[in-house]
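**Q** got a sequence here, can you model it:
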Amino acid sequence: MSKKDLIDAVANSCEMTKEKATAAVDAALDHIKNSLKDGGEVRIPDFGTFKVSDRKARDGRNPATGATIKIPASRVAKFTPAKGLKELLN
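**A** Purely as a prediction, here's the structure:
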């Protein structure tokens, strides 16, 4: 599902214009991004949790040359599905 498909689904489900649905979807995604940027987490019941994880610096390998390279530390977004979502899928 693409963002456009999600906007169309929200517009149809909530009987609103695509412009309002776009604003709603964008607002929700912006809130999730800003919460993660600040180091927080976002819990959505029966869906899952978005949170930030810190990766340590590590050594890697260039697959083309085999040379060892340094991979810097970074922050990454992680998603953990809720029990309700897991049960729905299985």
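
**Q** tell me how far the most far-flung residue of the chain relative to its centre lies from residue 71.
**A** Relative to the centre of the chain, the most outlying C-alpha is that of residue 65, 33.1 Å out, by Cα atoms, centre = their mean. Residue 65 sits 15 Å away from residue 71, going by Cβ to Cβ, to the nearest Å. C-beta coordinates here come from the backbone N, C-alpha and C atoms, glycine included.

**Q** so the residue farthest from the centre of the chain, which of the three states?
**A** Under DSSP: H, G, I helix; E, B strand; the rest coil, residue 65 falls in the coil class.

**Q** do residue 54 as well
**A** strand.

**Q** show me what it is bridged to.
**A** residue 75 (DSSP bridges).

**Q** is it in contact with residue 72, as I believe?
**A** No: look at residue 54 against residue 72 with Cβ atoms under 8 Å: they stay out of range, at 11.8 Å.

**Q** what's next to the longest helix anywhere in the chain, contact-wise?
**A** In terms of residue count, the longest helix belonging to the chain (DSSP state H) is helix 18-37. Helix 18-37 is contacted from outside by 3, 6-8, 10-11, 14, 16, 41-42, 50-52, 77, using Cβ atoms under 8 Å, 6 or more residues apart in numbering.

**Q** which pair in those spans the largest distance?
**A** With distances taken as Cβ to Cβ, the most widely separated pair in these is 16 and 52, at 31.8 Å.

**Q** out of the contacts of helix 18-37, which sit inside strands?
**A** Counting by DSSP state E, these place 42, 50-52, 77 in strands.

**Q** whichever of those residues end up buried, select them in PyMOL.
**A** Per 16 or more other Cβ atoms under 10 Å, the buried members of these correspond to this PyMOL selection:
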select buried, resi 42+50+51
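
**Q** any chance of the ones in strands among the contacts of helix 18-37 in TSV, with pLDDT and distance to residue 28 too?
**A** Listed next are the ones in strands among the contacts of helix 18-37 as TSV, based on pLDDT from 0 to 100; distance: Cβ to Cβ, whole Å:
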residue	pLDDT	distance to residue 28
42	94	10
50	95	11
51	95	17
52	95	18
77	94	15
